[in-house]
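Participant: Here is the input, now give the coordinates:
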Amino acid sequence: MNTVRRGAAALAAAAVVLGTAAAVPAAAAPSPTPSTGTLPPGLYGTKDPTYDGVWRQSLAFLAQRGAGYQPADQSVSWLLGQQCDDGSFASYRADVSEPCDAKTMRDTNATAVALQALRAVRRQSAAPAAIDKAVKAGTDWLRTVQNKDGGWGYGVGGPSDANSTSVVIGALAATGVKPVSFTSAEGHTPYDALLTFALPCSSKDGAGAFAYQPDKTGKLLANADATAAATLAGLGKSIVATKASPEQPPVCNDLSKPTVERAALNGASYLAKSLAKTGHLTLPPMPGATDTTEQPDVGNTADAVVALAAAGAAKEAEPALAWLEKNSAAWAKEGGPAAYAQLILAARATDTDPREFGTVDLVEQLNATGPAPKTPDTSAASTSNDESGFDVWWIIGIGTVVGVGIGFLVSGRKK
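Facilitator: Numbers count the residues shown, from 1 in each chain. As a prediction, this is how the structure comes out:
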């Protein structure tokens, strides 16, 4: 869920919209300074928001609500102002005085996570009616751009991918919409699409994993990022999921009739095995790079921790969490609000205090990247679920009564 991958996906989406056949690099980092010269008030972070403005703002909201803080009204207003009239969100709109048009690159990932974030901050916001309207409009838009196979791509009209489909599934579930009710004209649900990316346990490489998309030959290649996202979605959960019980070691087991829940648990098995050796996931070398050494993948390691905890495998996630506590500080400082949010969500998923994450107070660091939020809400526990969205995370958690094997039916990050 990091900015580099969202930048690459945005460039890829641009190529589709413009009809070009130019090759897009596997990852492309945005420039270190805002393209507009100045950052709009209310936005989190200091780097160029072109590829991840809405994404990082939304993740920040979700992490803050999990810690009991309410984002400043100014920040909520900024996110609301990013929405197009048709309900969609782009990755970032520098000039919101101009309406979205045919050239505006709508972003399904940004739209989904923005709806989830707005829902989460609704109860303490200054404009709950505006948020309700925005969430409904965004949900309606996602339905109109659903692909024939039941899934979503990063951009409108793009082929479905596991990450985008998973982010939408998680956001729908988090905003009170049953993902299975989203059926394409051909009769396919998002779960139908998700299953097409699942590798069987008999696979020699990547048993139980999910692929981002089939390669040019139609082959599925294991992708840890896609697997973490799809594991959550297959269990009917989003990126804010917390520990499930009872806990059981994840195993890979193909059923004669595949189910999305079983595929999700198979994905958890793949993640556990991937983390077992070093305690972290790795990034492959960049195409054309002279240094072919694999580097630790901090962001996806954090996502894998959330996915394992949600699948009832929090014990298997402990070594990775310990590794994150020791090795993520520099990465988070460089990554900014979205990075701090990812670590907070990983800490919460394992009942770890994000204020004492190694030597770092993640909540304090996140809060410092944007306008000062409102003080912690101590009354969240008394708020009804349909009003609070995810306000009660910190007290009761999401999915703690969901047994392993039982499902409820989650930036562009293609490697």
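
Participant: quick one: the strands in the protein?
Facilitator: In the chain, the segments counted as strands under DSSP state E are 281-283, 295-297.

Participant: out of these, deepest packed?
Facilitator: strand 281-283 (a mean of 19; mean count of other Cβ atoms under 10 Å). (Glycine included, C-beta is placed from N, CA and C.)

Participant: got a list of contacts for stretch 266-273?
Facilitator: 198-199, 201, 206-210, 222, 224, 227-228, 230-231, 234, 249-254, 304, 307-308, 311-313, 316-317 (Cβ atoms under 8 Å, 6 or more residues apart in numbering).

Participant: Arg65 contacts Ala120, correct?
Facilitator: Yes. Counting by Cβ atoms under 8 Å, Ala120 is a contact partner of Arg65 at 4.6 Å.

Participant: Contacts only, for Ala332.
Facilitator: 298, 339-340, 343, 360, 362, 365.

Participant: pLDDT below threshold where in the stretch 151-300 of the chain?
Facilitator: Counting by pLDDT under 70, the stretch 151-300 of the chain contains low-confidence residues at 289, 292.

Participant: So what's the residue count around Gly81?
Facilitator: 12 (other Cβ atoms under 10 Å).

Participant: going forward, begin numbering at 705 instead of 1
Facilitator: I'll keep to 705 as the first residue from here, and by that count the last item is Gly785.

Participant: Contacts only, for it.
Facilitator: Listed by Cβ under 8 Å, 6+ apart, the contact partners of Gly785 are Val800.

Participant: Same question for the one 10 residues further on.
Facilitator: Counting by Cβ under 8 Å, 6+ apart, Ser795 touches 710, 714, 754-759, 809, 811, 814.

Participant: and it, how far is that from Trp759?
Facilitator: 7 Å (Cβ to Cβ, to the nearest Å).

Participant: Check Ala1051 too.
Facilitator: To Trp759, Ala1051 is 20 Å away according to Cβ to Cβ.

Participant: Can I have the buried ones of the contacts of stretch 970-977 as a PyMOL selection?
Facilitator: Buried residues among the contacts of stretch 970-977 (16 or more other Cβ atoms under 10 Å), as a PyMOL selection:
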select buried, resi 902+903+905+910+911+912+913+914+926+928+931+932+934+935+938+954+956+1008+1011+1012+1015+1016+1017+1020+1021
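
Participant: just to revisit the earlier point, so among the contacts of Ala1036, which ones count as buried?
Facilitator: Counted by 16+ other Cβ under 10 Å, these give 1002, 1043-1044, 1047, 1064, 1066, 1069 as buried.

Participant: quick one: which of those sit in helices?
Facilitator: Using DSSP state H, the members of the buried ones among the contacts of Ala1036 that fall within helices are 1002, 1043-1044, 1047, 1066, 1069.

Participant: could the residues you listed go into JSON lines alongside distance to Val872?
Facilitator: What follows is those, written out as JSON lines (distance: Cβ to Cβ, whole Å):
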{"residue": "Val1002", "distance to Val872": "25"}
{"residue": "Ala1043", "distance to Val872": "23"}
{"residue": "Tyr1044", "distance to Val872": "24"}
{"residue": "Leu1047", "distance to Val872": "24"}
{"residue": "Leu1066", "distance to Val872": "27"}
{"residue": "Gln1069", "distance to Val872": "29"}
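
Participant: Of all pairs in the residues you listed, which one spans the longest distance?
Facilitator: Greatest spacing in those, by Cβ to Cβ: Val1002 and Gln1069 (14.7 Å).

Participant: Who are the contact partners of Ile835?
Facilitator: 780, 784, 822-823, 825-826, 829.

Participant: same check, this time on Ser942
Facilitator: Applying Cβ under 8 Å, 6+ apart, we find Ser942 in contact with 820, 873-875, 877-878, 936, 1114.

Participant: Could you identify the most distant pair in those residues?
Facilitator: Greatest spatial distance among the contacts of Ser942 (Cβ to Cβ): Gln820 and Leu936, at 12.3 Å.

Participant: still on that earlier bit, using JSON lines, lay out the strands of the chain together with distance to Lys837.
Facilitator: Below are these laid out as JSON lines (distance: least, Cβ to Cβ, whole Å):
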{"stretch": "strand 985-987", "distance to Lys837": "39"}
{"stretch": "strand 999-1001", "distance to Lys837": "38"}
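
Participant: distance of Lys1019 from Asp896?
Facilitator: The spacing between Lys1019 and Asp896, counted by Cβ to Cβ, is 32 Å.

Participant: cool, Ala1053 as well?
Facilitator: Using Cβ to Cβ, Ala1053 is found at 27 Å from Asp896.

Participant: more neighbours, the two?
Facilitator: With neighbours defined as other Cβ under 10 Å, Ala1053 and Asp896 compare such that Ala1053 has more, 32 against 19.

Participant: tally of neighbours for Ala889?
Facilitator: When neighbours are counted by other Cβ under 10 Å, Ala889 comes out with 7.

Participant: what sits against it?
Facilitator: So Ala889 contacts Lys852 (Cβ under 8 Å, 6+ apart).

Participant: And Pro1023, by the same measure?
Facilitator: Contacts of Pro1023 (Cβ under 8 Å, 6+ apart): 979-980, 983.

Participant: how about 10 Å then?
Facilitator: Shown in contact with Pro1023 (Cβ atoms under 10 Å, 6 or more residues apart in numbering): 976, 979-984, 1009.
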